[in-house]
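> my questions concern the predicted model and sequence given below.
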Amino acid sequence: MIDIHNHLLYDIDDGPKTKEDTIEIIKSAQEYEIYKIVATPHYREGSYKVKGKKVKDKVNEINKIIKKKDLRVEIFPGNEIYITKNLVEKIKKEDILSINDSKYILLELPIDHLPEYLNQIFYDLNVLGDKPVVAHPERNREVIKNPDILYNWVKDGIIFQLNAGSLFGVYGNKVKKTVFELVDNYLVQVIVSDCHGISKAGLEWMIRAKKIGRYMW
């Protein structure tokens with residue numbers, strides 16, 4: 001399995017604080033047969049603004065440790081980028097990473113609303129040749145009220161990513177109900193751990209989701 005949204009890098013955002021904890025997450029990933037992980041530290045003004053060079057340096061460091069320990073997991077660089085009105089200008093000018101230097105770019109929605117400029121952001125990213133992957137829409141209040149709001153964006157090729165834990169009530173029953181509506185209507189396309197720490201829970205939900213997936217998709 002491949003996990004494209006994971007905060008496993010130590011001492012860089014709100015993920016693990018120590019190198020040892022990062023290695024424990026990687027060992028857990030291998031145990032669960034998750035062999036490729038994209039490290040996606042937050043890029044967000046006013047809190048964690050983790051630049052691309054720092055991410056790549058940390059990823060290189062961890063991959064060397066993985067090799068020494070003869071583990072099978074490989075880490076790739078990325079960012080989880082909070083959506084703002086000037087997002088496209090930031091991407092043009094600042095040191096922000098796509099998913100492993102691909103055309104796919106992981107975006108984070110506000111929890112309490114959908115910005116009125118979201119369509120323009122998606123359009124401008126498309127002009128740049130970038131493909132938005134929008135993180136955990138099931139946790140957004142407007143999506144919870146009306147899951148069908150994603151339909152036109154999905155039709156236009158926008159990719160939406162759900163957190164595996166949402167399927168099991170980790171973020172509450174409203175989010176759980178919403179995520180099943182999204183799944184039933186093919187409005188989410190990717191499932192991830194969004195792991196933030198040493199607990200196996202984030203990775204474990206992916207395995208549990210894989211097991212129930214045969215009955216859902």
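Received, thanks. The shown structure was predicted, so the numbers you read here are calculated from the model rather than taken from an experiment.
> when you work out contacts or count neighbours from here on, use the C-alpha atoms and nothing else.
Noted.
> show me what Val38 bridges to in the sheet.
Beta-bridge pairing for Val38 (DSSP bridges): Phe76.
> any idea how far it is from Asn79?
Counting by C-alpha to C-alpha, to the nearest Å, the gap from Val38 to Asn79 is 9 Å.
> the two: which has the busier surroundings?
Legend: neighbour count by other C-alpha atoms under 10 Å for Val38 and Asn79, higher for Asn79 (29 against 21).
> so what's that one closest to, chain neighbours aside?
Distances taken as C-alpha to C-alpha, 6 or more residues apart in numbering put Thr40 closest to Asn79, at 4.1 Å, once the chain neighbours are dropped.
> what does that neighbour show for phi and psi?
Backbone dihedrals for Thr40, given as degrees, to the nearest 10, come out at phi -130, psi 70.
> now do Gly197
Backbone phi and psi, for Gly197 under degrees, to the nearest 10, turn out to be phi -170, psi -170.
> likewise for Asp21?
The main-chain torsion angles of Asp21 are listed as degrees, to the nearest 10 and equal phi -70, psi -40.
> list the contacts for it?
Applying C-alpha atoms under 8 Å, 6 or more residues apart in numbering to Asp21 gives the contacts Tyr10, Gly197, Ile198.
> contacts only, for the second one.
The one in question is Gly197. With contacts taken as C-alpha under 8 Å, 6+ apart, Gly197 has the following neighbours: His7, Leu8, Gly15, Pro16, Asp21, Thr22, Ile25.
> taking the residues you listed, please make a PyMOL selection of just the buried ones.
In PyMOL, this line selects whichever of these come out buried by 16 or more other C-alpha atoms under 10 Å:
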select buried, resi 7+8+15+16+21+22+25
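> and the furthest pair within the contacts of Gly197?
The largest separation in these, counting by C-alpha to C-alpha, is between His7 and Asp21 at 11.5 Å.
> returning to what we had before: which neighbours do Val38 and Asn79 share?
Common contact partners of Val38 and Asn79 (C-alpha under 8 Å, 6+ apart): Ile99.
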